[in-house]
Every structure is written in C-alpha cells, then in structure tokens.
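J.: With the input below, show me the fold.
(chains A and B)
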Number of protein chains: 2
Amino acid sequence: MSVTTAAALVPLAERFAAAKRASTVLATATAATKNRALEAIASALLAESDRIVAANARDLENADANGLSAGLRDRLALDEKRLGALADAVLDVVALVDPVGESVRGSTLPNGLKLSQVRVPFGVVGAIYEARPNVTVDIAALALKSGNAAVLRGGSAAENTNLVLVDVLRTAIASSGLPADSVQTVDEFGRDGARELMRARGFVDVLIPRGSAELINAVVAESTVPVIETGAGVVHIYLDESADEQLAVDIVHNAKVQRVSVCNALETLLVNRAAAPRVLGPVLDRLRGAGVTIHGDADVRTLYPDSVRATDEDWAAEYYSLDLAVAIVDDLDGALEHIARWSTHHTESIITNDLANAERFLAEVDSAVVMVNASTRFTDGGEFGFGAEVGISTQKLHARGPMGLQELTSTKWLVRGTGQIRP
Amino acid sequence: MSVTTAAALVPLAERFAAAKRASTVLATATAATKNRALEAIASALLAESDRIVAANARDLENADANGLSAGLRDRLALDEKRLGALADAVLDVVALVDPVGESVRGSTLPNGLKLSQVRVPFGVVGAIYEARPNVTVDIAALALKSGNAAVLRGGSAAENTNLVLVDVLRTAIASSGLPADSVQTVDEFGRDGARELMRARGFVDVLIPRGSAELINAVVAESTVPVIETGAGVVHIYLDESADEQLAVDIVHNAKVQRVSVCNALETLLVNRAAAPRVLGPVLDRLRGAGVTIHGDADVRTLYPDSVRATDEDWAAEYYSLDLAVAIVDDLDGALEHIARWSTHHTESIITNDLANAERFLAEVDSAVVMVNASTRFTDGGEFGFGAEVGISTQKLHARGPMGLQELTSTKWLVRGTGQIRP
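T.: Numbers count the residues shown, from 1 in each chain, chains lettered A, B, ... in the order given. Predicted coordinates:
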C-alpha cells in the first residue's frame, strides 16, 4: 500500500496534528539525519521520474484542455531535465549549514544572568501555491533541513503531479528514519484544505502563499495563521540619462525575455527623457526581435507609433508573457515616483553610470531587492547562494527578498541564572 | 492652537497618508536628528508632567467609577515618579545604536555581483493597546529611533492621558525639525480608528497589538496588515526534584508578587511530586504571607486543604492578580506536558540543580524565553538591555520575546553590478 493511499484516509484535522507531532521529532533531529532524508529524496526523484513525468503528463493534458496560458503551462511542466535540476537543488540543500541551534546574539547581564538567543525551527510551515510542482520539492526540502514539518496545498492544475511527488517525498523521508508525516498534502480536500490550513492556529506556525496577487491577497485576508507574502512582481528597470547603451540592451532583454513566467522578470521599463533618443531604439529593436509586444505611453508611441497604447492596467500588470510596458520619465524623480506608485516592492534596477543617482536609487526605492546595472532575474534564492528558495518575500516582516533556510527559522531566548530575582 | 486640536480635524485616511509621508523623512534622518527629537521628548515629559498627571487623574476617576480592576488601574496610573522613569527610558533609547543602515549579511557572487543586506525601517508601525499610557511613549520613542512613523490606538480607559501624551510627543518632535506626523493617534475615532488601522495595507507596514488575549485574538482575526502578537503570558515555573528550597521560595515569590499586573508575572506553579513535601510548604507560606490566593489541584488540596479548587480555567488563566494556580506533577515529563498544553509560549522557568533536566527544559519548552533558576520577571526589553520595549512577542514570525529597536526594522537587499545578466 502506498503512503499516499494511507494518507488519503486521514482527515484534515488529524493531518495538522500529525504534522505537529512530526515537528517535535524534526526539531531535535541532527543535521546528519536530516541530510540522509534529503539524499533519499534526491535519489527518489530520479528513481521515480517515470511515475512523476507520467502524472505530470496528465496534468498537462488537462491544462491544454482548459486552455492554460503558455506561462502557467511552462511553470507546470516537469521533464527528466527539470527533475534532475530539482534533485540537484535538494542536494545543494544537503550542503548548506543547518541553521538550527545557531547562536544569534548573547550576553551576560550585570546581575550575572546569561542570555543566549538561538535559532529554532518554526515547527510546522504551511504553503499554498499554484501550478508549479517544483515548489512542492523545494519547500519540503528547505523545511526538512531547517527542522520544520511542511503542510502543502498545491494548485488543482498540478494535482496529479503533486500527489505523486508528496508520496515520493514521504516514502523517502520514512526510509531515513524520520516521520513520513514531516510532509503532508491537503490537496485532496480542495478548497476546504486551503481554508482549514489558513485557520490552523496552534498547529501551523507560518503560512507561505506563493503565486498570483489574487491568491496572495486571499490568503492574507483569510488567514489567522501568520503569513509571509511572496511573489507578485511588477518589476521595473529605469534607464538613467547616463545609461550605457549596450548594458541597457543586454540587461533589459535578459530581464524580460530569459524566462517570462517568473516573478523577477521585467514588466515595466522606464526611460529617462534625455536618454530616450539614444537608447530606446536599440533596446526596443532587440526586444521586438525576441517577439516582445511593447505597451507604450504617449511619449513612447510618438517615437514608436506601432506600440500598443498603455493604460493604468499596464503599469499594474505582471504580464508573465512577452509583453512590456514602457514609459518615458523626465528624470530620476519621475522614475522614483512611478515606482513608488506601481511597484509591488519586489525588485527594481537602475542602469546608470552616475554614482549619485545609483546611490539615491538604492536608498530610496522601497523594494525587497534594489539593483544597479544588473538583470532583475538575479533576485532568486539559488542565485543568492541559498541553495533553493521558499519564495521571494515582498513583505517587510520576518523575511524580505529570497527566502532560504534561515528565513524558515524562529529564535528562542535561553536564560541561565543562579537564583536571580528582580529588584 | 495646540497640535492636538489641529490633528483632531484631520480625517482618518489622511492620518495614515501623513504617517506614510513622515516615514519617508524618518527613513533617511540621521541618528543625531532622531536623538535630538528623543531628547526633546524626554524634556517635554518632565516639563509637561502637571498636564499629563492631570489628564491621567481624569482617566483614573473614570476607572474608579467604572470599577476597573486593581491590576488594570495600576497599569493606567501615571505619577511624577513614573513619568521620570518614562523620560529616563527615552534617554536610554538615545544611547542605543541606531540599527538603520546596519549591514546584516553580504557577499560577492562568483559573477561579480555585490550583495548587501542592510537594515531599513519598516515605514509605519501601528500599535493597538489597552489602558497603559507608558506604551504610548515607549513605542513612539523606539519607532522614532528606528526611523519609523507610529500610528497609535490606546484604550479608551486611558484616552485623556494618551491625547495629552501624543500632543506632547508631536510638539517635541516638531521642535527638533522632524515631522509632527511621525506620531499619530486614532483614539478620537473610537472603534473605527482601530478597524481602519487593521485594514490600512499599503500605509501601515506592521501592527502590534499589546494587551489581553481577547484584544490580540481580535486583531489577529481582523487585521490584513501583518501583525506581531505580543503579550498574553500564562507563565509557568517548575520546581524540579532537586530544586533548592531558598531559591524556589525567593524566585516564586518574586515572579508572582513583585508586580502582578504584567505579562511576565507567574501564573502557574508546577511542583515535582517528590519535592513537594520538602519545598511546597515554605513556598506557599511565603506567598500567603504576601496575600496570594492559591488555586490548587487535588494533590495540592490534600496537602493544603484551604486552597481554592483549581479547574481548567485556572490552568488557562492570566490572573493579573494575587492568585496562583498550583499543580503537582510526577516528573519533568509531566511538567513539559502541562506546559505544552497550557502555556501561551511567553516565559517558563525551571528551578533545579540537575544539569540534564535544565538542558532538557531549555531545549524542549517551546516558548519565547526559557529560563533556569531565574525569575520570569526578567523577560523584559529593559532588563535584556534593549532600552525600552515595544512588547514581548509570543509568535515565531519576525520577532520572539522582548522587542527592541532591531525588531522594529526590516531589511533590504542591495545588488551592485557591472552589467551582469542571467545565463
């Protein structure tokens, strides 16, 4: 009997309780034990790739029948190559230092009390996400390494893939001597699963929604479990007056085109008015050559009349497609104002040779990641050296930007005394 | 015209927007400027003490008329001495290092990108609290030093005091050249003020409820602004088999009696069965001498028949009064089970001479602060060396335990490149 079949018989409340029990075992598990479980997961992803790809094919068939967008279909698809990359990402997590037990701060007070703030697992981490089955493995692996149990709710579009993946994960974890219940899915419970997960205070310590703005807003509004918001990226690049032409062409092309269905892809390009005659032509030519549709403001359309007329919807759009909104701004102030109004505070980059403007952009843009002369596609836990990532936090509480192992831990104060009382 | 009068004419939405605007000024204010504002606040609290105490007297009269409990009345009361202590606490904050701009982590990636994670203010911090006017000053001072604007909603029982305090704060801040709108109150708007504060996403970055469990639960359920839970403390001390008698007597007395109306005061005492005949008598005698009413389980009542019978309500109670729940447990496992079931994860302490039991208690109790041989009254931002405290977080997200300056900041990643694109 497969683990999945057994799990499917277990009611929802019991799954949360089982995750909580598993979390107490994980909290004191050694790094060596957790690494054994991760290695078992990496091996199982390869050994079970036929079964996983077959389940994914069923999800892709349904996606085609339901007319899923190209961007979402790309996120959903798993093949041997992507499974290999997923297994490698899990092995990268093995190589990372276990954050649990790390001493963050400490001191001895004048009265002799010894204070020590140490990293501890959250306990149970919940995740609600959409049609992107790699998230199932990424989050389970990072949760496990950081000593947390995971309760997962993937999108219905990836249901077949996720059920098989969770089965593979649970079996691999159990084979290493840790509780299979360290990873749970509530997918079979549909919307009830998501709703109860958002209300599971006392069982689930933190909830991470990953996906569209609507998904994230719904979770924020409904959840009584503390939430870390991730994802939605209306990402801007600003071409400053002094922008190097070739840098601008290469970075804008890379940020927009290299992968369109991800939150760190470029969505709005802002161009300094004085630089526009010089740089906008080469930049747009390169984009058009890659099939990008330009949505321009009035100034852009005067220069390039075949652009689509941009409206407020475009400034707010996370296209996830080969579309780009383009506006001309008078100066850095204009760019900062546009970004303050429309950004989702994910990632913004300035292309400039002017030191003062670079520093001002870094200081004043209120986003998780602010860049100078670099592609926004670098906002990524893997690129930042975190191994894999749980998501990219766009909120200011607890974690901001790419979230790795450390962002999946809390802390605890240990106080050692010899009879001290407060005067 | 006083600042308060002017502020009272400003509608609620405009206050949030004004706080947001003030926060952009505060975000780039130097530590020297912020310290000048704090010194002005400390001076003003002393210079305006007559006015503040007079307003407080009106609140105390209402409290007496409304039959406020002794514990709540104690939290509400301000006199010259407490104002002096408040002003001193503000000056302590002046002496603390400004956390803004601190580099938390950084690295240079193999591709040459320079990453730097720096501390930045949240922006606007909201606080909802009850009849405790010192919180008005503590939070405003810590928010200011950490570069945040504060929007405050105090309890109606302290309304007169808080209106005068906020007026004093705003005038002092304006005198230092920073925006008066750095501190706002929504008290005049009653429940509407609290409700809108909880919904002010995009204007308020984090909301801190301080007070009763009901208040905190209501804010958690209603707020769409990210919340840091604080406060409710069903605090336990466990007297282990090897507990030193005098340490037990002194620490339990201090934890229960030194100040009853605070969240780090002892509420439930657990006593090892084998130690009970030796230590329980002296401990209870000392408590009774201080006027404490004992609520005992069946075993305690067999030994001390004049105890009140304890029910589940007692194990869950945060008395805020000279009452103590007492249970006898078989061993450390029994104590850990009781704590896991009833604790609010604030502070627990073990009194023991057994090293293994001390370490196991530290490792397995899942609370913000876990102590050995010390009074639970030390769980306090001031005692921990934070200057003043915003509250004691009992959640695991972002901050856990006493919250000081650092806990009022977020971070931001700065990425400096030279044209890097993602392969």
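J.: CA atoms for contacts and neighbours, from now on please.
T.: Fine.
J.: Quick check: residues of the stretch 1-150 of chain A near chain B?
T.: Within reach of chain B by CA under 8 Å from any CA of the partner chain, the stretch 1-150 of chain A has these residues: A:L109, A:L113, A:F122.
J.: Go again with 7 Å.
T.: Within reach of chain B by CA under 7 Å from any CA of the partner chain, the stretch 1-150 of chain A has these residues: A:F122.
J.: again, but for the stretch 201-350 of chain A
T.: Checking the stretch 201-350 of chain A against chain B by CA under 7 Å from any CA, the hits are A:V220, A:A221, A:T224, A:L247, A:I251, A:N254.
J.: can you put those in CSV and add secondary structure, pLDDT and neighbour count?
T.: Formatted as CSV, these follow (DSSP: H, G, I helix; E, B strand; the rest coil; pLDDT from 0 to 100; neighbours: other CA atoms under 10 Å in any protein chain shown):
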residue, secondary structure, pLDDT, neighbour count
A:V220, helix, 87, 23
A:A221, helix, 87, 16
A:T224, coil, 88, 23
A:L247, helix, 97, 21
A:I251, helix, 98, 25
A:N254, helix, 98, 23
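J.: Taking these together, which two end up most distant?
T.: Maximum pairwise distance in those, criterion CA to CA, is 45.7 Å, between A:T224 and A:L247.
J.: Just the pLDDT at the residue in the stretch 251-400 of chain A positioned nearest to chain B, thanks.
T.: Relative to chain B, the nearest point of the stretch 251-400 of chain A is A:H398 (3.6 Å; CA to the nearest CA). pLDDT, A:H398: 92.
J.: ok, for it, nearest residue in space, not its chain neighbours?
T.: Nearest in space to A:H398, with sequence neighbours left out and distances taken as CA to CA, 6 or more residues apart in numbering or on different chains, is B:H398 at 3.6 Å.
J.: tell me the phi and psi of that neighbour?
T.: phi 70, psi -60 (degrees, to the nearest 10).
J.: Same check on A:L115?
T.: Main-chain torsions, A:L115, degrees, to the nearest 10: phi -100, psi 140.
J.: That one contacts A:V104, doesn't it?
T.: No. Using CA atoms under 7 Å, A:L115 makes no contact with A:V104, being 10.8 Å away.
J.: Contact partners for A:L113?
T.: Applying CA atoms under 7 Å, 6 or more residues apart in numbering or on different chains, one finds that A:L113 lies in contact with A:V415, A:R416, A:G417.
J.: A:D98 too?
T.: A:A31, A:K145, A:S146.
J.: Out of those, which is nearest to chain B?
T.: A:S146 (14.2 Å).
J.: phi, psi of the closest one?
T.: phi -90, psi 10.
J.: likewise the one 4 residues further on?
T.: The main-chain torsion angles of A:A150 are listed as degrees, to the nearest 10 and equal phi -120, psi 130.
J.: what number of residues lie near it?
T.: Residues near A:A150, counting by other CA atoms under 10 Å in any protein chain shown, number 31.
J.: So what pairs up with it in the strands?
T.: Beta bridges link A:A150 to A:V125, A:V183, judged by DSSP bridges.
J.: Of the contacts of A:L113, which is the most crowded?
T.: A:V415 (25 neighbours).
J.: Please look at A:V94 and A:A37 and confirm they touch.
T.: No. Counting by CA under 7 Å, A:V94 stays clear of A:A37, with 9.3 Å between them.
J.: For the two, work out which one has more neighbours and name it.
T.: A:A37 (26 against 23).
J.: For the strand or helix carrying the more buried one, name the packing helices and strands.
T.: In this structure, A:A37 sits in helix A:31-47 according to DSSP states H and E. Secondary-structure packing of helix A:31-47 (3 or more CA pairs under 7 Å, 6 or more residues apart in numbering or on different chains; DSSP states H and E): helix A:80-95, helix A:134-145, helix A:159-175.
J.: For my notes, please list those helices in CSV and give mean pLDDT and distance to B:V260 for each entry.
T.: Shown next, in CSV, are these (pLDDT from 0 to 100; distance: least, CA to CA, whole Å):
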stretch, mean pLDDT, distance to B:V260
helix A:80-95, 94, 48
helix A:134-145, 93, 40
helix A:159-175, 97, 48
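J.: Does A:E318 belong to a helix, a strand or coil?
T.: Following DSSP: H, G, I helix; E, B strand; the rest coil, we place A:E318 in the coil state.
J.: How about the one 10 residues further on?
T.: At A:I328, secondary structure determined by three-state DSSP is strand.
J.: What's the end-to-end length of stretch A:254-270?
T.: One end of stretch A:254-270 to the other measures 16 Å (CA to CA, to the nearest Å).
J.: correction: stretch A:381-395
T.: Counting by CA to CA, you get 16 Å between the two ends of stretch A:381-395.
J.: Now that stretch: buried residues?
T.: For stretch A:381-395, a neighbour-count test (16 or more other CA atoms under 10 Å in any protein chain shown) marks A:381-395 as buried.
J.: re earlier: ok, the residue of the stretch 251-400 of chain A closest to chain B touching B:K396?
T.: No. Between A:H398 and B:K396 there is no contact under CA under 7 Å: 9.3 Å.
J.: So which of the two has more stuff around it?
T.: More crowded of A:H398 and B:K396, by other CA under 10 Å: B:K396, with 26 against 21.
J.: you'd agree the more buried one is in a strand?
T.: No. When classified by three-state DSSP, B:K396 is found to be coil rather than part of a strand.
J.: For chain A, see how far away it is.
T.: The spacing between B:K396 and chain A, counted by CA to the nearest CA, to the nearest Å, is 5 Å.
J.: now that residue, nearest residue through space, not along the chain?
T.: Closest residue to B:K396 apart from its sequence neighbours, by CA to CA, 6+ apart: A:S410 at 5.4 Å.
J.: mind checking the SS state of that neighbour?
T.: Put simply, A:S410 is strand when judged by three-state DSSP.
J.: Run a quick neighbour tally on it.
T.: A:S410 has 22 neighbours, counted by other CA under 10 Å.
J.: ditto for A:E188
T.: A:E188: 15 surrounding residues under other CA under 10 Å.
J.: just the one 10 residues further on next, same as before
T.: The burial count assigned to A:M198 is 25, neighbours taken as other CA under 10 Å.
J.: Could you find the closest non-adjacent residue to it?
T.: In space, A:M198 comes closest to A:S223 once its chain neighbours are excluded; the distance is 4.4 Å by CA to CA, 6+ apart.
J.: quick one: low-confidence parts of chain A?
T.: Residue ranges of chain A with pLDDT under 70: A:1-10, A:388.
J.: Walk me through the domains of it.
T.: Per automatic domain parsing, the structural domains of chain A span A:3-230+A:390-415, A:235-378.
J.: To B:D79, which of the ones you listed lies closest?
T.: domain A:3-230+A:390-415 (28.4 Å).
J.: if I look at A:A157, how far off is B:D181?
T.: Taking CA to CA, one finds A:A157 at 48 Å from B:D181.
J.: tell me the most buried of the helices and strands packed on helix A:31-47?
T.: Ranked by mean neighbour count, those are led by helix A:134-145 with a mean of 27 (mean count of other CA atoms under 10 Å in any protein chain shown).
J.: quick one: that helix to helix A:80-95, angle?
T.: Here the directions of helix A:134-145 and helix A:80-95 differ by 20 degrees (axes from the mean of the first three to the mean of the last three CA atoms, to 10 degrees).
J.: ok, the residue nearest to A:D250 when sequence neighbours are not counted - contacts?
T.: Nearest residue to A:D250, sequence neighbours excluded (CA to CA, 6+ apart): B:I421, at 7.3 Å. Shown in contact with B:I421 (CA under 7 Å, 6+ apart): A:I251, A:N254, A:A374, A:S375.
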